[in-house]
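> for reference, the sequence and a predicted model appear below.
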Amino acid sequence: MQENISPPKLPEAASYFLRKRLQKGQKYFDSGDHNMAKAKMKNKQSKTAPTEKMEITRDHIPTVQDLPQRKTSIVEG
């Protein structure tokens, strides 16, 4: 006849610590998750200020005729 083998009992302090730790919840699995969360926050911040970029692109867009002529090469060959 087999006896029921139960896991060893933990001291009360360890049980309390584990319970408290589990109640907090796990924020990140590893450093990759943490870095991805940081990148998402940066993306959200950069999307909040598109007006600055719009003002920059409203300037005159140069055409081929507006560009300066290329300087001739010193080395001809």
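Perfect, I can see it now.
> alpha carbons only for contacts and neighbour counts from here, please
Fine.
> residue ranges in this structure under the pLDDT threshold?
In the predicted model, the chain carries pLDDT under 70 at residues 1-3, 6-11, 26, 45-58, 76-77.
> which residues sit against the longest helix seen in it?
Longest helix in the chain, counting residues (DSSP state H): helix 31-47. Residues outside helix 31-47 that contact it (CA atoms under 8 Å, 6 or more residues apart in numbering): residue 28.
> what do you get for stretch 61-77?
Stretch 61-77 has contacts (CA under 8 Å, 6+ apart) with no other residue.
> from residue 67, how far off is residue 61?
To residue 67, residue 61 is 11 Å away according to CA to CA, to the nearest Å.
> over to residue 21?
In terms of CA to CA, residue 21 sits 65 Å off from residue 67.
> again with residue 12
Residue 12 is 78 Å from residue 67, by CA to CA.
> mind listing the helices for this structure?
Counting by DSSP H, the helices of the chain are 12-24, 31-47, 50-57.
> adding distance to residue 71, write those helices out as TSV.
Shown next, in TSV, are the helices of the chain (distance: least, CA to CA, whole Å):
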stretch	distance to residue 71
helix 12-24	67
helix 31-47	39
helix 50-57	28
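> can you list those in JSON lines and add distance to residue 74 and mean neighbour count?
Compiled in JSON lines, the helices of the chain are given as follows (distance: least, CA to CA, whole Å; neighbours: other CA atoms under 10 Å):
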{"stretch": "helix 12-24", "distance to residue 74": "70", "mean neighbour count": "10"}
{"stretch": "helix 31-47", "distance to residue 74": "45", "mean neighbour count": "11"}
{"stretch": "helix 50-57", "distance to residue 74": "36", "mean neighbour count": "9"}
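> quick one, which of those helices gets closest to residue 4.
Among the helices of the chain, helix 12-24 comes nearest to residue 4, with 22.1 Å by CA to CA.
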